[in-house]
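> Sharing a model that was predicted from the sequence below.
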Amino acid sequence: MLFRSVSEGDYDGLLEYQRKIREEQLVKRHKKETDAWDQYLAQVPKLPADWDHWVDKEGIEQNYIFYDYSRKKNQKGYCSWCEKEVPIEKLRHNKEGVCPACGRKIQFKARGRAGRFWTDQWYVYLLQDCKDGMVARRFSAWRYYRKGEYETPECTCRERWNGSWKMSARTDCGTGGLRPRIRGDISDIFPAAEITGTIG
């Protein structure tokens, strides 16, 4: 091994050289770790074109009929699910009922008392075919209603998790008759032990 004395200028250059080598090593290590994730994510398909509409109408179960308070017997309200003015009777703010037009379970909301509010957060899942089998994607979704703008709520849907699994028992990668869009919990369909490649 060769040793030699170095001047202060040479020492700074040596430190800079070692720093660059260390940075390159860290970049390579990071790339090795992230390449597997990038490869996995590259096979995750795009969301279906009607995904946002499905989340709004089927994934988020809370729906409302908004009405203006009046003592009149024949009143009308706006149903957030079917987006129609519908006849209503025997109503009370926050009372539950059924829309006479679409038959959906709703909650009555007096426009003057509703203020701004959010629905509960609902978990929805999307099952999609991918190169290595299937991918299950978990989203949380909710609506935000601004005061006086109840006909145009803000619907939010955020992906929280996804995981893939190989369909070892089958040769095809189709959903095999499963509903590709699910509200609630999928753990009873696919045990967590079978799912790999999870991302938080």
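Perfect, I can see it now.

> I'd assumed Lys72 was in a helix, is it?
No. Counting by DSSP: H, G, I helix; E, B strand; the rest coil, Lys72 falls outside a helix, being coil.

> Which pLDDT does the model give it?
pLDDT for Lys72: 80.

> With the one 10 residues further on instead?
Each residue has a pLDDT score; the one for Cys82 is 96.

> got the contact list for it?
Cys82 sits next to 99, 101-102, 104 when contact means CB atoms under 8 Å, 6 or more residues apart in numbering. Where C-beta positions appear, they are placed from N, C-alpha and C, glycine not excepted.

> between those, which is nearest Gly77?
Of all the contacts of Cys82, Gly77 sits closest to Cys99, with 8.9 Å by CB to CB.

> Which helix or strand lies directly C-terminal to the longest helix along the chain?
Criterion DSSP state H: the longest helix present in the chain is helix 8-42. Following helix 8-42 in sequence order, the next helix or strand is helix 51-54 (DSSP states H and E).

> which helices and strands sit right next to that following helix?
strand 154-165 (3 or more CB pairs under 8 Å, 6 or more residues apart in numbering; DSSP states H and E).

> what's the angle between the strand it packs on and helix 8-42?
Counting by axes from the mean of the first three to the mean of the last three CA atoms, to 10 degrees, strand 154-165 points 90 degrees away from the direction of helix 8-42.

> Report the contact partners of the most centrally placed residue in the chain.
For the chain, the residue sitting closest to the mean C-alpha position, by CA atoms, centre = their mean, is Phe139 at 2.4 Å. The contact partners of Phe139, taken as CB under 8 Å, 6+ apart, are 55, 59, 123-126, 157-160.

> Check Lys105 too.
Lys105 touches 61, 63, 96-98, counting by CB under 8 Å, 6+ apart.

> Give me the buried subset of the residues you listed.
63, 97 (16 or more other CB atoms under 10 Å).

> Can you name the two of the contacts of Lys105 that sit furthest apart?
Among those, Glu61 and Gly97 lie farthest apart (CB to CB), at 14.8 Å.

> In stretch 92-109, which residues are buried?
Per 16+ other CB under 10 Å, stretch 92-109 contains these buried residues: 97, 99-100, 104, 106-109.

> I should have written stretch 75-92 there, sorry.
Here stretch 75-92 shows 77-82, 86, 88, 91 as buried, counting by 16+ other CB under 10 Å.

> thinking again about what came up before, so the residue nearest to the centre of the chain is in which element?
Counting by DSSP H and E, Phe139 is found in strand 133-145.

> Specify the angle between that strand and strand 154-165 in degrees.
Going by the same axes, to 10 degrees, strand 133-145 makes 160 degrees with strand 154-165.

> Can I get the buried residues of stretch 92-109 in JSON lines including distance to Arg146?
Converted to JSON lines, the buried residues of stretch 92-109 look like this (distance: CB to CB, whole Å):
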{"residue": "Gly97", "distance to Arg146": "23"}
{"residue": "Cys99", "distance to Arg146": "22"}
{"residue": "Pro100", "distance to Arg146": "26"}
{"residue": "Arg104", "distance to Arg146": "22"}
{"residue": "Ile106", "distance to Arg146": "19"}
{"residue": "Gln107", "distance to Arg146": "17"}
{"residue": "Phe108", "distance to Arg146": "19"}
{"residue": "Lys109", "distance to Arg146": "13"}
